[in-house]
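J.: Sequence first, predicted coordinates after that:
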Amino acid sequence: MMRDQDWFGAAIRQPTRELRRRTGDLAAFAEIREVELSNGQERGVRALQIRNADGLEIEVLIDRAFDIGDVRYRGVPVSWRSGNGYRHPALHEVEAEDGLSWLRTLDGFLVSGGLDHTLFGGEVDASQYAYPPKPTVRHGLHGRLSSLPARLLSVEEDWRETGGVLRVRGEVVQATSFGEHLRLRRTVEVDIHGAGFRIDDEVVNLGFERTPHMFLYHINIGWPVVDEGTEFVGSVRRHLWQSPSTEEQGAPHHTLVEPRRGFVEQVWEHELAVGDDGLHRVALLRADGAFGVELAWDPEGMPNFFEWQNLRDGQYGVGLEPSSHHVGGEADARADGSMTWLEHGESRRYRTSVTLLDGTEATAAARARVLGDEG
């Protein structure tokens, strides 16, 4: 029967020349498609739908800071959906709701925070910009980045002798007169054969004033990866901070509970050990070991990490959040000297990989990588 054949496995992992003999268009196996969403509050949002030969599908939202919307693997949803939708950035009011309007942009697999501010908002000194009418600047939760449209730079379907890479590049500029002028250039790569993808980011100060820089990935996983009994796996040295709700509700950080009505979000800042490969790694693994997600990133740019649990009815999801700064945010970073300041032309680089784990062997191998028990 057709369903007994692994059409995503060895059957399709043939030399490209053999695949070309079997189709008039390699898009039958893997492709990048440029689309525009056309309904409701998503109307006008440009997106790139990337599909590889192993059944991995990801959606890059050009007009939402080149962030990542839906992620599926062989038909199984991976990304969390909040219900907000991928709202067009023209609908976003950055200053609204006492700085919490960012929550209306929170949807999909990756929502980036930055570029000059992340974490909770507040008012900070802006004297470095030498503009007397604006001695301070006010920030909302996680900054302005996620509501800025990107400029599409390139789309590449790089077929090689066997397999290849699907690659897209875009850039977002966050700028104002008499203020910050920062540019994010992002590359997203998906191997034509494989169960993962890579994000390579560079942030550079195009302005001529010394500018603060903060960066955070809000990587959001939903059901069925997130489920009762799903395990958070990380080489956690200690907990640096946790929200009061973690003690009040009693839901642990390492094992997820079922959806609860009125669940109050829980956040931990975990100090992670660096692996032998120089990377930080965490994973979410279903209790039955059948499926999971592994995240690996370079801690040089993002040495900090938060686990966010939003396990309420209708919002059931978990956020894995590599961050450039501790949970105290911008005011604390300025006070203790840990703030990143970029002079003109200075930049920071961020490299992250995401792997979808299909089956017990894959999840067991990921557990060993994360905990450093590969033997």
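T.: Cool, the structure landed.
J.: doesn't residue 355 fall inside a helix?
T.: No: counting by DSSP: H, G, I helix; E, B strand; the rest coil, residue 355 falls outside a helix, being strand.
J.: ok, the closest residue to it other than its chain neighbours - contacts?
T.: Closest residue in space to residue 355, ignoring its immediate chain neighbours: residue 196 at 3.8 Å, by C-beta to C-beta, 6 or more residues apart in numbering. In this view, the C-beta of every residue, glycine as well, is placed from N, C-alpha and C. Applying C-beta atoms under 8 Å, 6 or more residues apart in numbering, we find residue 196 in contact with 56, 190, 353, 354, 355, 356.
J.: List the beta-bridge partners for the second one.
T.: Residue 190 has these beta-bridge partners by DSSP bridges: residue 166, residue 197.
J.: quick one, what contacts the closest residue to residue 270 other than its chain neighbours?
T.: Spatial nearest neighbour of residue 270, excluding adjacent residues (C-beta to C-beta, 6+ apart): residue 236 at 4.7 Å. Neighbouring residues of residue 236 by C-beta under 8 Å, 6+ apart: 270, 271, 272, 273.
J.: swap in residue 298?
T.: Residues near residue 298 by C-beta under 8 Å, 6+ apart: 278, 279, 280, 349, 350, 351, 352.
J.: what's the farthest-apart pair in those residues?
T.: Farthest pair in the contacts of residue 298 (C-beta to C-beta) is 280 and 349. Separation: 15.1 Å.
J.: Compare these two and say which is more crowded by neighbours.
T.: For residue 280 versus residue 349, neighbours defined as other C-beta atoms under 10 Å are more numerous around residue 280 (23 against 12).
J.: who wins for neighbours among the contacts of residue 298?
T.: residue 280 (23 neighbours).
J.: For that residue, give me its contacts.
T.: 272, 274, 296, 297, 298, 299, 302, 303, 305, 322.
J.: separation between it and residue 20?
T.: Going from residue 280 to residue 20 by C-beta to C-beta, to the nearest Å gives 40 Å.
J.: Kindly report the same for residue 164.
T.: 12 Å.
J.: between these two, who's got more neighbours?
T.: Using other C-beta under 10 Å as the criterion, residue 164 and residue 20 rank with residue 164 on top: 20 against 13.
J.: got a list of what that one touches?
T.: 16, 30, 157, 158, 191, 192.
J.: can you rerun that using 7 Å?
T.: Residue 164 makes contact with 158, 192 under the criterion C-beta atoms under 7 Å, 6 or more residues apart in numbering.
J.: Now the residue most central in space within the chain. Nearest residue, chain neighbours left out?
T.: With distances taken as C-alpha atoms, centre = their mean, the residue of the chain nearest its centroid is residue 110 (3.2 Å). In this structure, residue 110 finds its nearest non-sequential neighbour in residue 68, 4.0 Å apart by C-beta to C-beta, 6+ apart.
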